[in-house]
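Visitor: When you get a sec, could you give me coordinates for this:
(one chain, ligands or ions: 1)
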Amino acid sequence: MSYETLLVETRGTVTLVTLNRPDALNALNSQVLADLVAAFAAFDADPSQGCAVLTGSAKAFAAGADIKEMQAMDFAGMYGGDHFAGYLRFTATRKPVIAAVSGFALGGGCELAMMCDIIIAADNAKFGQPEIKLGVAPGMGGTQRLTRAVGKAKAMELCLTGRLMDAAEAERSGLVARVVPADNLLAEAIKAAETIAGMAPIAVKAVKEMVNSAYETTLTQGIQFERRLFAGLFGTADQTEGMAAFVEKRPANWTGR
Ligand code: HXC
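Guide: Below you'll find the model as predicted:
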């Protein structure tokens, strides 16, 4: 399957999705959104694929929603058309997605990275929510996900001033899992994705749901949800296999059942 604004390739069990609008620094227009939704639905439905990496170019993961496309929009189009609602379908992806961020991840680009499950950043990465400078505000989850990731003080400062934060600050403040040299970014992200894709597929989906539920529930409800889902994993063949493999000192052979 080919896409107008994305390059999609499979590398064994890992799907690599590259945003491909280099002339616009990967600005996220409607076509990118449609392509992302289609590509990640296909990834999720393919049993041979265990984890995805979403990346951009060396200069920009994505420099935001496409300002030239948004410029002429009015309230009716934005609100009535629920312009960015498609991203809800991207975040419904059940298998893990790693954002490999090099260069600018601004506005919608930062928000897209935060919709992924893990962010690995190149040492040249820059994150920010500069929408305030355009007379608007983040609209794809920036005020919510950034606040949960880095806390109110820094999120408020970044969203109100439009200041960019570099990779080191992003790691210090908890936005990114790891910073790696720019030249190693893709190799490191794919290695992490291969590790995840090598785990029991149902347990992987369960962990993603469990961690994400920490954003949605009280501690008591979250812990109960985790315990119930944990118990459910004892109904899988892969639990039997994983524990037998440990006891028998051999690699596990997952079936995804
Ligand atoms: C459309 C963009 C763009 C964007 C860059 N380009 N960002 N086009 N939308 N978000 C285009 C430029 O117009 C230019 O095209 C080309 O990409 C290269 O960009 P330059 O500005 O020439 O590059 P540089 O001088 O290196 O500066 C890089 C930059 C700057 C600092 C990242 O491009 C920039 O500030 N971009 C906008 C960042 C931003 O405000 N993002 C938030 C967008 S609002 P031409 O044709 O001139 O060569 C948003 C809302 C999210 O994301 C919420 C939605 C619900």
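Visitor: all helices of this structure, in order?
Guide: For the chain, helices defined by DSSP state H occupy the ranges 30-45, 67-70, 75, 87-91, 108-115, 142-150, 152-161, 167-172, 185-197, 201-213, 219-233, 237-247.
Visitor: Give me every residue in the stretch 1-150 of the chain lying close to the ligand.
Guide: With C-beta under 6 Å from any ligand atom as the criterion, the stretch 1-150 of the chain meets the ligand at residues 24-25, 27, 63-68, 84, 104, 106-108, 130-131, 134, 138-140. (C-beta placed from N, C-alpha, C; glycine too.)
Visitor: one more time with 8 Å, if that's ok
Guide: Within the stretch 1-150 of the chain, the positions near the ligand by C-beta under 8 Å from any ligand atom are 23-25, 27-29, 59-60, 62-70, 83-84, 104, 106-109, 111, 128-131, 133-134, 136-140, 142.
Visitor: circling back to that earlier point, mind checking which of the helices of the chain is nearest A100?
Guide: helix 185-197 (3.7 Å; C-beta to C-beta).
Visitor: Of the helices of the chain, which stretch is the most buried?
Guide: helix 108-115 (a mean of 28; mean count of other C-beta atoms under 10 Å).
Visitor: So T255 sits against E241, correct?
Guide: Yes - counting by C-beta atoms under 8 Å, T255 does reach E241; the two are 7.1 Å apart.
Visitor: Test of understanding: give the bridge partners of L7.
Guide: Following DSSP bridges, L7 is listed with bridge partners T18.
Visitor: contacting residues around it?
Guide: 16-18, 20 (C-beta atoms under 8 Å, 6 or more residues apart in numbering).
Visitor: Likewise for P251?
Guide: With contact taken as C-beta under 8 Å, 6+ apart, P251 is in contact with A245.
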